[in-house]
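Q: Please work out how this folds:
(one chain, ligands or ions: 1)
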Amino acid sequence: MSEFATYAVQGEIAVISMNKPPINGLGAALREGIGAGLTQALNDTNVKGIVLIGTPRAFSGGADITEFGTPKTTHEPTLRTVVEMMEAGNKPVIAAISGFCLGGGLELALGCHFRVALPDATLGLPEVKLGILPGGGGTQRLPRLLGFEKAVDMIVAGVHLPASKFKDTLLLDQIVEGDLLEAALAFARKVITQNEPLKRVRDRTVPDIPTDEALAEKRKAVVAAAKRFPAPVSCFDAVCASFKSASFDEGLAEERRLITELFKSPESHALRYTFAAERAAAKIPGLPDDTPLRAIKKVGVIGAGTMGGGITMNFISAGLPVVLLETKQEALDKGLATIRKNYETSMKKGKLTQAQLDACMALIQPTLSYQDFSDVDLVIEAVFENMDVKEQVFKTLDSVVKQGAILASNTSALNIDQIAQFTKRPQDVIGLHFFSPANVMRLLEVVRGDKTAPDVLATCMNMARKIKKIAVVSGVCDGFIGNRMLAQYRAAANELMVQGALPQQIDGAIQAFGFAMGPFRVADLAGLDISWAGRKRRAAASPTPVAPIVDDWICEAGRFGQKTGAGWYRYEAGKRDAIPDPIVEAMITKYRSENGIKPRKIEDSEIIERCMFALVNEAARILEERIAARASDVDIVYLNGYGFPAHVGGPMHYANTVGLPKVLQRLKDFAAEPGANPKWQPAALIVRLVERGTGFN
Ligand SMILES: NC(=O)c1ccc[n+]([C@@H]2O[C@H](COP(=O)([O-])OP(=O)(O)OC[C@H]3O[C@@H](n4cnc5c(N)ncnc54)[C@H](O)[C@@H]3O)[C@@H](O)[C@H]2O)c1
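A: Numbers count the residues shown, from 1 in each chain. Alright, predicted model coming up:
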C-alpha cells in the first residue's frame, strides 16, 4: 500500500499497520499510506471494521518535525483530513495503542471511534514544548473526553502519562494485556457483532464547563507560569474554544488560527531549533553509529566533594553500582551524608520512596583504597583542580584499574591531553565535565583528547543518555566550550562596569533578557574567592606587576559573595535577595578615577550586545578551531549548562536572529574603541559567514 503503511484483511476487519521507524512520525508518506488504507477499507463492502495499529515502540510519536516548514506539512491528506476521514466514515475504526502515542499520534487516535491500549503506552499532547499547540483537533477532542480541567492541564503542560492512568476515562475504551493486535481484533469483532453505534468525539460536549470567574482565574495562572512563552496561553485559549465556540468546526478553526500564529513566533522557532539541536549533538562527525561500545557495569568516582557526590548520584539513580574513593574517612562520611540528604529532600517532595533511597545508597561502596577499583569499567576523577593532584591520581589509576576501563576527569579547564600522558593508556582517557549541581544539571561536556579512542567516546555518549544527561563533545582547550566562552562574557560585564554601568544595571539588563541571574549575582552565588586565588597565583607568576581590579578589592574586604553575606551585593541573614551596596559603588568609583575613566551612560541594549556578542565571538573561534563540531552544539551547552534563556534558543541562534552582519558591525565598533580588549576583534569565521551571506549552522 505504501512504504510505511501496510494493509491486510483478517475476516471482516481491515488492519492498517503503520511502520515508519523510529516512532511512526506522521510525515506526508505515512499519512498517504493511512489515507489509502482507509479509502480501501471504506470502499470494500466485505470489510465491516478497521483496526489502526503501530509498532510496539510507537502507535505514533506525532508529527514528523523534519518536515516542518516544508510543503510536505500541507501535502494532502493532512493529519486533519485523515482524522476527518476516519471519524466521518461509516465503519468503526479502532486505534490499537502501544508505546508512544503523542501529539499528532494521539490526535489520530482521537479521530478513531474506539481506542484500546496496552497499560504502559504513553499518551499526551506535548506540542507546547515546541512552542506550538496540538493542531490536529487535539485541543477540541481531548476536553470532550477528559473534561476541560484534565485536558487543559495536560495540554498546557505538555505532559504524557501511561495508559493505565486513563483507566475508567472516555479516552480509552479498554486497557488490554498481551497481544495488542489480537485484543484489538476481538474488540472490533464485538463492536461489529453488537452493532455498537460509532462514537464520534466531535459529537460529544465538554462535561465540565467552568464559570467565567474560574476560567479567568485559571487563565491568569497560566499566563503567569508561561513567562516568556506564548504557547501555553494559546493552548489554554484553544481548549476553551472547545466549549465557547458555536460548533465543533468553529472550535477547530480557532485552533488553526492560534497554531498559525504560534508557528510564526520567535519563541517557537527557538524551541523547535533546540529540539533539533539536541538530536544533532548526539551525532559526532567521523564516529559511525555502529561504533562498538564498552560495557559499563560498575563505576568508580574519586573525590566525594561537591562534584564527586553529585556525579555518584547520577549513576546510582540509574541503578549502576559506584565505588566512591576519598583520602580520609571524614571526607567520605561527609560526602555520603550529603548524598543521603539530597535523596531525603527528594523523598520529602514525594519524588522517591524510602525503599528507593535505601536501594540507591546500597549501590555505593565507600572506600579509602584504590584496590577496590580493580574491577570498575569507568572511573571519574573529581579531586581538587590542581594538575599535581590529578597527576598522582591518574598514575595510581593506571597501575590499579583493569585494562580497557575508561579513565575520566571532571576537570573544569585543565588539559586532558596532559592528564592522559600520566597514564600508559591515553586512548582510554577522556574528560567528562559535569556541571554543578551534578545530580541536577543536564549538561555533560564530553572532552575528546587527541588520543581518546572512538569507542571510548561512543561509550561515554551512550552512558550520558543512560544517566539522562545531554552530552556535547568538546575538543581540548582552556575551559572547553562553556567556560571558555563564559570568560569573555564575564570580561564584557566587567568592562561595562568599569565604563559606567553598575552591577545592578548589568544584572538587570541580562535578567530582562531572560537569564535567571546576571553575571554579578551568579558570581556572588558561586563565590568570589576561587577566582581571586587564581588571580593571585597568576600575578605571583607574572614577570610584570599586575594591577588590581575591583574584584580584588571586593575580596580583600572579605566579601566572597552570598556565603559571607556580601560580595558584589550585600545579603541579609538567611535571605538571598541581592541588595545593591554603596560600598561596592564607592570601590567602582575609586577604580574609575584612579584609572582616569570618565563614566558614560550605558543603555541596556548595549549591555545585551556586549555580553551576547562576546559569547558569540568566542564561540566562533571555538568553531573555527574545531573545538565544537557545530554552532548548535554551542547553544546546547549554553541552554543546559549556563541558564541561557530557552525562549531565545542559545547565543548562536540569537546571533542568527539578530543577523550576523549586525553582530559583525558591533564587534568592529567595540574593537575600534581606544584601548579596546583585543578579544573584540571579530572572529574570522564571522567575517567569512557575512561575506557568504549565511548564518551559523
Ligand atoms: N564545583 C564546580 O562547580 C565544578 C564544576 C565542574 C567541574 N568541577 C571540577 O571538579 C573537580 C572537583 O571539584 P569540587 O568542586 O567537587 O571540589 P571539592 O573540593 O568540593 O571536592 C574535592 C574532593 O576531592 C577530595 N580529594 C582531593 N584529593 C584527593 C585525592 N588525591 N584522592 C581522593 N580524593 C581527593 C577532597 O577530599 C574533596 O572531598 C575539580 O577538578 C573542579 O574543577 C567543579
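Q: Buried residues of the helix or strand containing R279, list them for me.
A: Taking DSSP states H and E as the criterion, R279 maps to helix 266-281. For helix 266-281, a neighbour-count test (16 or more other Cβ atoms under 10 Å) marks 266-274, 277-278, 281 as buried. Using the backbone N, CA and C atoms, a C-beta is placed for each residue, glycine as well.
Q: which secondary structure elements does that helix contact?
A: Under the contact criterion of 3 or more Cβ pairs under 8 Å, 6 or more residues apart in numbering; DSSP states H and E, helix 266-281 touches strand 470-474, helix 631-641, helix 651-658.
Q: by contact count, what packs against whichever helix or strand comes after that helix?
A: Next helix or strand after helix 266-281 toward the C-terminus (DSSP H and E): strand 299-302. On a contact count with 3+ Cβ pairs under 8 Å, 6+ apart, strand 299-302 meets helix 306-317, strand 322-325, strand 378-381.
Q: Now look at strand 299-302 and say if it contacts the ligand.
A: Yes - using Cβ under 6 Å from any ligand atom, we find that strand 299-302 touches the ligand at I302.
Q: contact partners of that strand?
A: Strand 299-302 is contacted by residues 308, 311-312, 315, 320-325, 372-373, 376-383, 393, 401 when judged by Cβ atoms under 8 Å, 6 or more residues apart in numbering.
Q: what about it, average pLDDT?
A: The average pLDDT within strand 299-302 is 98.
Q: which non-adjacent residue is nearest R490?
A: Leaving out its chain neighbours, the residue that sits closest to R490 by Cβ to Cβ, 6 or more residues apart in numbering is P519, at 5.8 Å.
Q: ok, back up a step: what is the orientation angle of the helix holding R279 with helix 631-641?
A: Put simply, helix 266-281 runs at 110 degrees to helix 631-641, going by axes from the mean of the first three to the mean of the last three Cα atoms, to 10 degrees.
Q: Can you give the contact residues for helix 266-281?
A: For helix 266-281, contacts defined as Cβ under 8 Å, 6+ apart pick out 65, 68, 129-132, 228-231, 262, 470-473, 630, 632-633, 635-636, 639, 646-650, 653, 657.
Q: Any quick PyMOL command for the buried ones out of those residues?
A: Buried members of those, defined by 16+ other Cβ under 10 Å, are picked up in PyMOL with:
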select buried, resi 65+68+129+130+131+132+229+230+231+262+470+471+472+473+630+632+633+635+636+639+646+647+648+649+650+653
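Q: Where does this structure get nearest to the ligand, residue-wise?
A: G305 (1.8 Å; Cβ to the nearest ligand atom).
Q: What helices and strands are in contact with the helix or strand harbouring A509?
A: For A509, the host element (DSSP H and E) is helix 503-513. In terms of contact count using 3+ Cβ pairs under 8 Å, 6+ apart, helix 503-513 is assigned the packing partners helix 480-499, helix 519-526, helix 604-624.
Q: As JSON lines, these with mean pLDDT and distance to the ligand would be great.
A: Shown next, in JSON lines, are those (pLDDT from 0 to 100; distance: least, Cβ to the nearest ligand atom, whole Å):
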{"stretch": "helix 480-499", "mean pLDDT": "97", "distance to the ligand": "9"}
{"stretch": "helix 519-526", "mean pLDDT": "95", "distance to the ligand": "7"}
{"stretch": "helix 604-624", "mean pLDDT": "98", "distance to the ligand": "18"}
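Q: Take those helices and write them to CSV, including mean neighbour count and distance to G33.
A: Output for the helices and strands packed on helix 503-513, formatted as CSV (neighbours: other Cβ atoms under 10 Å; distance: least, Cβ to Cβ, whole Å):
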stretch, mean neighbour count, distance to G33
helix 480-499, 21, 42
helix 519-526, 22, 52
helix 604-624, 22, 41
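Q: Throw those into CSV and include distance to V239, thanks.
A: Converted to CSV, the helices and strands packed on helix 503-513 look like this (distance: least, Cβ to Cβ, whole Å):
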stretch, distance to V239
helix 480-499, 39
helix 519-526, 37
helix 604-624, 35
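Q: who wins for proximity to T74 among the ones you listed?
A: Proximity to T74 (Cβ to Cβ) singles out helix 604-624 among the helices and strands packed on helix 503-513, at 34.8 Å.
Q: Next, the angle from the closest one to helix 651-658.
A: Using the same axes, to 10 degrees: helix 604-624 against helix 651-658 is 120 degrees.
Q: just how off-centre is helix 604-624 within its chain?
A: Distance of helix 604-624 from its chain centroid, counting by Cα atoms, centre = their mean, to the nearest Å, is 22 Å.
Q: Ok, stretch 418-430 next?
A: Distance, centroid of stretch 418-430 to centroid of chain: 31 Å (Cα atoms, centre = their mean).
Q: which strands and helices sit next to the lowest-mean-pLDDT helix or strand in the chain?
A: The weakest-scoring helix or strand in the chain, judged by mean pLDDT, DSSP states H and E, is helix 529-541 (a mean of 89). Helices and strands touching helix 529-541, by 3+ Cβ pairs under 8 Å, 6+ apart, are helix 550-556.
Q: Let me see the mean pLDDT of the helix it packs on.
A: 96.
Q: Please save the CA atoms from that helix in PDB.
A: Below are the C-alpha coordinates for helix 550-556, written out as PDB (Å, rounded to 0.1, in the frame of the first residue of the first chain):
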ATOM      1  CA  VAL A 550      37.600  45.900  41.500                       C
ATOM      2  CA  ASP A 551      37.100  42.200  42.100                       C
ATOM      3  CA  ASP A 552      40.300  42.000  44.100                       C
ATOM      4  CA  TRP A 553      39.300  44.900  46.400                       C
ATOM      5  CA  ILE A 554      35.900  43.200  47.000                       C
ATOM      6  CA  CYS A 555      37.700  40.000  48.100                       C
ATOM      7  CA  GLU A 556      40.300  41.900  50.100                       C
END
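Q: Tell me the buried residues in that helix?
A: 550-555.
Q: So which bits of the stretch 201-350 of the chain are right by the ligand?
A: Near the ligand, when you scan the stretch 201-350 of the chain using Cβ under 6 Å from any ligand atom, you find 302-308, 325-327, 331.
Q: any chance you could map the helices in the stretch 301-450 of the chain?
A: 306-317, 329-348, 354-362, 387-400, 416-420 (DSSP state H, counting those that start in this stretch).
Q: how about low-confidence regions in this protein?
A: 1 (pLDDT under 70).
Q: Select only the buried ones of the contacts of strand 299-302 in PyMOL?
A: The buried subset of these, as determined by 16+ other Cβ under 10 Å, is captured in PyMOL by this line:
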select buried, resi 308+311+312+315+320+322+323+324+325+372+373+376+377+378+379+380+381+382+383+393+401
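Q: Now stretch 337-356 - C-alpha only, CSV.
A: In CSV, the C-alpha atoms belonging to stretch 337-356 read as follows (Å, rounded to 0.1, in the frame of the first residue of the first chain):
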residue,chain,number,x,y,z
ALA,A,337,25.9,12.3,54.3
THR,A,338,25.3,14.9,51.6
ILE,A,339,24.2,12.3,49.1
ARG,A,340,21.7,10.9,51.6
LYS,A,341,20.5,14.4,52.4
ASN,A,342,19.9,15.1,48.8
TYR,A,343,17.8,11.9,48.4
GLU,A,344,15.9,12.7,51.6
THR,A,345,14.9,16.1,50.1
SER,A,346,13.6,14.3,47.0
MET,A,347,11.8,11.9,49.3
LYS,A,348,10.1,14.7,51.2
LYS,A,349,8.9,16.1,47.9
GLY,A,350,7.4,12.7,47.1
LYS,A,351,9.7,12.0,44.2
LEU,A,352,11.3,9.0,45.8
THR,A,353,10.3,6.3,48.3
GLN,A,354,12.3,5.2,51.4
ALA,A,355,12.9,1.8,49.6
GLN,A,356,14.3,3.6,46.5
